[in-house]
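Undergrad: sharing a sequence plus its predicted fold:
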Amino acid sequence: MEHNIGSADRQTRVVVGAILAAVGLATLGGLLGFGPTVGAVATLLGVVLVATGLVRICLLYRLLGIDTSESR
């Protein structure tokens with residue numbers, strides 16, 4: 001598959017995803033009082049953002065026809 005995530009988008013996804021995953025794990029561990037559902041959703045969303053940032057392919061972007069990479 002061809003990359004559809006550019007460098008700025010990639011950096012943003014990795015940083016925001018790592019923060020979301022950390023907040024989600026802290027919530028699930030009882031350190032923050034947001035509740036287990038919010039913790040699970042934040043962790044899952046954070047992991048997805050980090051993963052798509054690392055592989056530089058976003059399937060939602062592909063479905064919507066968005067390409068932030070410099071390949072065009």
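TA: In hand now; what should we look at?
Undergrad: how about the helices in this protein?
TA: Remark: helices assigned in the chain by DSSP state H are 7-28, 36-55, 59-64.
Undergrad: just the buried positions in the first one, please.
TA: I take that to be helix 7-28. Applying a neighbour-count criterion of 16 or more other Cβ atoms under 10 Å, one finds Asp9, Arg10, Arg13, Val14, Gly17, Leu20, Ala21, Val23, Gly24, Leu25, Thr27, Leu28 buried in helix 7-28. Heads up, the C-betas are built off the backbone N, CA and C, glycines and all.
Undergrad: look up how far Gly30 lies from the residue nearest the centre of the chain.
TA: In the chain, the residue lying closest to the centroid (Cα atoms, centre = their mean) is Leu49, at 1.2 Å. Going from Leu49 to Gly30 by Cβ to Cβ, to the nearest Å gives 24 Å.
Undergrad: which stretches of this structure have low pLDDT?
TA: Applying pLDDT under 70 to the chain flags residues 71-72.
Undergrad: give me the neighbour count for Thr37.
TA: Residues near Thr37, counting by other Cβ atoms under 10 Å, number 9.
Undergrad: and if you look at Ile66?
TA: When neighbours are counted by other Cβ under 10 Å, Ile66 registers 12.
Undergrad: ok, it - contacts?
TA: Residues in contact with Ile66, defined by Cβ atoms under 8 Å, 6 or more residues apart in numbering, are Asn4, Cys58.
Undergrad: do Thr68 as well
TA: With contacts taken as Cβ under 8 Å, 6+ apart, Thr68 has the following neighbours: Asn4, Ile5, Gly6, Ala8, Asp9, Tyr61.
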